[in-house]
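pasting a predicted model and its sequence here:
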Amino acid sequence: MSMGSYRIWVNNLNNYFNKVDNLEIKSEILTSDKDIGDYDIIICDKNSVDLAVGIKKSFPDKKVGVINLSADKKDIPIDFIIVGSLEEKDSLSHYDNVFLFPLIEDMYQNAECKKHSEKESLRIGFHGHYPHLSKFEPHLKNALEKIDKICNIELFIITSNFSFDWCVGKPNIKSITMKRWNLSTVKEDLLSCDIGISPNVTHIPVDIKKYNTSVELGLYNTDHILRMKNKSNAGRAFVFHQLGIPVVADFTPSNFHIMGDPKCGFIAHNQKSWERAILELREPERRQQIANNAKNEFDRLYNPVTWARRLFLNIRRL
């Protein structure tokens with residue numbers, strides 16, 4: 001349960017399938033393959049590609065899928081793939097049937113949301129896999145260093161490897177707290193945050209002004225250059241939305257589904273936009289307003305049982 005892919009696409013999804021109304025679905029988690037012949041659809045986790053191939057070979061009449069398949073795997077003889085974002089779906093478009101189920105964390109559903117109040121120090125929270133910490137470089141890093149000179153902030157990092165020797169992107173500010181991600185404490189840890197941040201895009205240090213521009217081709221020396229992994233998603237921002245914590249996130253496409261509306265949060269790409277967004281959230285009333293709006297949009301757009309129904313109908317169509 002400490003693995004996000006298992007927690008969301010195996011444990012949680014199994015429960016969501018069984019909550020879908022008006023469709024005859026019986027979903028179970030199997031710990032061995034001895035009873036597989038009793039089922040019509042088999043979904044294997046991302047580390048069980050060879051198992052999935054073997055099941056399809058043994059049961060060619062069954063529909064067999066894999067969650068979160070690596071995009072560099074070609075021509076795997078399975079029927080469908082389940083992914084967590086449109087970015088990931090596009091990267092696997094060499095397969096015919098790629099279905100989206102967003103990273104909706106059941107353990108934060110219907111949680112009591114944070115009530116924002118005046119604080120002497122703002123706790124700015126990050127949670128996620130430690131390689132994402134390098135994405136603070138350079139813009140978010142510089143913004144936090146500037147903000148640290150204006151008001152009291154604490155950067156609170158929740159990650160699986162809290163003893164990681166963070167060098168690239170680490171801001172030179174007065175207060176940074178690192179804590180290990182723990183299933184039993186993570187909700188409480190996140191609720192201690194006043195603002196959530198979700199950096200993901202990798203900075204590419206290119207001086208675009210050195211390259212030729214072409215009005216005919218729509219190329220300008222003010223263009224954005226973006227790089228992100230194919231499995232980029234809005235899952236880290238979702239958790240903050242679910243808990244009533246306002247978010248500043250980067251240009252990762254999935255972030256725009258909720259935060260493309262400025263009333264629901266802030267999208268930032270350069271130092272000044274990160275800086276302004278975080279400073280605008282100093283006031284508790286503003287934090288509460290943004291958090292409430294984002295939570296309402298999340299609940300409207302990301303009902304997990306609705307997405308489970310959609311996923312099941314897509315698979316059944318096969």
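Yep, it's here.

run through the bridge partners of E154.
R123 (DSSP bridges).

now do the contacts for S175.
121, 152-155 (CB atoms under 8 Å, 6 or more residues apart in numbering). (Each C-beta comes from the backbone N, C-alpha and C, glycine too.)

among those residues, which one lies nearest to G65?
For the contacts of S175, the minimum distance to G65 (CB to CB) is 39.4 Å, reached by L155.

residues touching the closest one, list them.
124, 126, 144, 171, 173, 175-177.

coming back round to it: what's the ChimeraX line that selects buried ones from the contacts of S175?
To isolate in ChimeraX the members of the contacts of S175 that are buried, counting by 16 or more other CB atoms under 10 Å, one can use:
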select :153,154,155
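
distance to Y95 and pLDDT for the contacts of S175 - can I get that in CSV?
Converted to CSV, the contacts of S175 look like this (distance: CB to CB, whole Å; pLDDT from 0 to 100):
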residue, distance to Y95, pLDDT
S121, 48, 96
N152, 50, 97
I153, 44, 98
E154, 44, 98
L155, 40, 98
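
using CSV, lay out the contacts of S175 together with distance to N18.
Listed next are the contacts of S175 as CSV, based on distance: CB to CB, whole Å:
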residue, distance to N18
S121, 44
N152, 47
I153, 44
E154, 41
L155, 40
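
looking at the contacts of S175, spot the one nearest E87.
Once CB to CB is applied, the member of those that ends up nearest E87 is L155, at 26.6 Å.

which helix or which strand is home to K179?
strand 176-180 (DSSP states H and E).

now I150
Going by DSSP H and E, I150 is not in any helix or strand.

let me know whether it touches R282 as I believe.
No: using CB atoms under 8 Å, I150 is not in contact with R282, being 9.0 Å away.

more neighbours: which of those two?
R282 (17 against 11; other CB atoms under 10 Å).

the more buried one and I153 touch, don't they?
No: the criterion here is CB under 8 Å, and R282 misses it with I153 at 9.5 Å.

overlap in contacts, those two.
With CB under 8 Å, 6+ apart as the test, R282 and I153 both reach L122.

start and end of stretch 19-36, how far apart?
For stretch 19-36, the first-to-last residue distance is 22 Å (CA to CA, to the nearest Å).

and the pLDDT for the most centrally placed residue in the chain?
Geometric centre of the chain, nearest residue: G235, 2.1 Å, by CA atoms, centre = their mean. Listed pLDDT for G235 reads 97.

that one against G84, yeah?
Yes: at 6.6 Å, G235 and G84 qualify as touching, with contact defined as CB under 8 Å.

shared neighbours of the two, anything?
With CB under 8 Å, 6+ apart, G235 and G84 have common neighbours 8, 102-103.

what ranges does the stretch 51-200 of the chain have for its strands?
Counting by DSSP state E, counting those that start in this stretch, the stretch 51-200 of the chain has strands at residues 63-67, 80-83, 98-100, 122-127, 153-159, 176-180, 195-198.

got JSON lines for those strands, with distance to K135 too?
Below are the strands of the stretch 51-200 of the chain laid out as JSON lines (distance: least, CB to CB, whole Å):
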{"stretch": "strand 63-67", "distance to K135": "24"}
{"stretch": "strand 80-83", "distance to K135": "21"}
{"stretch": "strand 98-100", "distance to K135": "24"}
{"stretch": "strand 122-127", "distance to K135": "10"}
{"stretch": "strand 153-159", "distance to K135": "13"}
{"stretch": "strand 176-180", "distance to K135": "16"}
{"stretch": "strand 195-198", "distance to K135": "9"}
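
determine which residue of this structure is most distant from the centre point.
E216 (36.7 Å).

who's in contact with that one?
Per CB under 8 Å, 6+ apart, neighbours of E216: none.

break this protein down into its structural domains.
4-104+303-317, 108-300 (automatic domain parsing).

what is the end-to-end distance of the first one?
Going back to what we said before, that points to domain 4-104+303-317. End-to-end for domain 4-104+303-317, by CA to CA: 28 Å.

re the thing from before, can you select the buried ones from the contacts of L155 in PyMOL?
Buried residues among the contacts of L155 (16+ other CB under 10 Å), as a PyMOL selection:
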select buried, resi 124+126+144+171+173+176
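
before I go, just wanted to say thanks for your time.
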